[in-house]
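A.B. asks: Fold the following, please.
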Amino acid sequence: MPAIHHQKQQEKRRCEYYDLSKELVPYKKAWDWQKSILKHRQTLIEKDEEDLSDTLIILQYYLVYTLGTASSEEFLNFNRNDAPYDVYRTERGGEVTYHGPGQLVMYPIINLRYHKIDLHWYLKTLEEVVIRVLSSTFSIKGSRVDGLTGTWVGNQKLAAVGIRVSRWITYHSLALNVTTDITPFQYIVPCGIRDHQVGSVESVLEESVSSL
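C.D. replies: The predicted structure is shown next:
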């Protein structure tokens, strides 16, 4: 793609932003919504029409467990036929996780052709967004853990990342525990990691106050 043409496309691009962060959304509804946006974007590409907009959806879910494409049910500490909450197997990467009230879920639906065609870069960028938000908004020092995804504070995982990319268009993404009740995580092995904990922004702040 000629540099000048690419620059003009970048200048015309926009972001459609849907803020449902103060609502509780059924998982299936948001999942279908993501896939409909993805299908529309792919149709534009097939018709050789310009795909000029990225999308960002922010929301909270009703209590639900989700598994990635290749997730193992051995990480469920319950019989799936008698699950405490709804369970969905999705097309994202990663193992089982929990979504619920107090957790901020962010879905960027982005055509990486207009940014950087590099999945490692994209994952690290998502983690960096959370690290910067924790620092600027809550004065919490977030970090990465070698060999694992997500954003961490010490041994506690505050944000989980699980993505899917189809024709270089991203969907699914990340979930940040803000005021999340982490009790439902006890019914699973979160992200298939047995030797780390799940935390929230609220719990980290409470711990920092109690240590003063």
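A.B. asks: Dead centre of the protein: give me the residue that sits there.
C.D. replies: The centroid of the chain falls nearest to residue 174 when counting by C-alpha atoms, centre = their mean (1.4 Å).
A.B. asks: tell me which element residue 135 falls in.
C.D. replies: When secondary structure is defined by DSSP states H and E, residue 135 falls within helix 119-138.
A.B. asks: What lies in contact with that helix?
C.D. replies: 108, 110, 112, 115-116, 140-144, 149-151, 153, 158-159, 161, 163, 165, 170, 173-174, 176, 201, 204-205 (C-beta atoms under 8 Å, 6 or more residues apart in numbering). Any C-beta I mention is one placed from the backbone N, CA and C, and that applies to glycine too.
A.B. asks: So which bits of that helix are buried?
C.D. replies: Residues of helix 119-138 classed as buried by neighbour count (16 or more other C-beta atoms under 10 Å): 122-123, 126-127, 129-131, 133-134, 138.
A.B. asks: how about those in CSV, adding distance to residue 69 and pLDDT?
C.D. replies: Output for the buried residues of helix 119-138, formatted as CSV (distance: C-beta to C-beta, whole Å; pLDDT from 0 to 100):
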residue, distance to residue 69, pLDDT
122, 18, 97
123, 16, 97
126, 18, 97
127, 21, 98
129, 24, 97
130, 23, 98
131, 27, 98
133, 28, 97
134, 29, 98
138, 33, 97
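A.B. asks: Please convert the residues you listed to CSV, extending it with distance to residue 209.
C.D. replies: Shown next, in CSV, are those (distance: C-beta to C-beta, whole Å):
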residue, distance to residue 209
122, 35
123, 32
126, 29
127, 26
129, 26
130, 22
131, 21
133, 20
134, 16
138, 12
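A.B. asks: can you name the two of the residues you listed that are farthest apart?
C.D. replies: Greatest spacing in the buried residues of helix 119-138, by C-beta to C-beta: 122 and 138 (24.2 Å).
A.B. asks: For the chain, give me the ranges with low pLDDT.
C.D. replies: Under the criterion pLDDT under 70, the flagged ranges of the chain are 1-11, 210-212.
A.B. asks: just the strands in it please.
C.D. replies: 14-25, 53-61, 64-67, 86-89, 97-99, 103-109, 151-153, 156-166, 169-177, 197-198 (DSSP state E).
A.B. asks: Which of these has the highest mean neighbour count?
C.D. replies: strand 97-99 (a mean of 25; mean count of other C-beta atoms under 10 Å).
A.B. asks: so how far is that strand off the chain centroid?
C.D. replies: Strand 97-99 sits 10 Å away from the centroid of its parent chain (C-alpha atoms, centre = their mean, to the nearest Å).
A.B. asks: cool, and stretch 21-39?
C.D. replies: 13 Å.
A.B. asks: So which bits of that stretch are buried?
C.D. replies: Buried positions in stretch 21-39, judged by neighbour count with 16+ other C-beta under 10 Å: 25, 27, 30-31, 33-34, 37-38.
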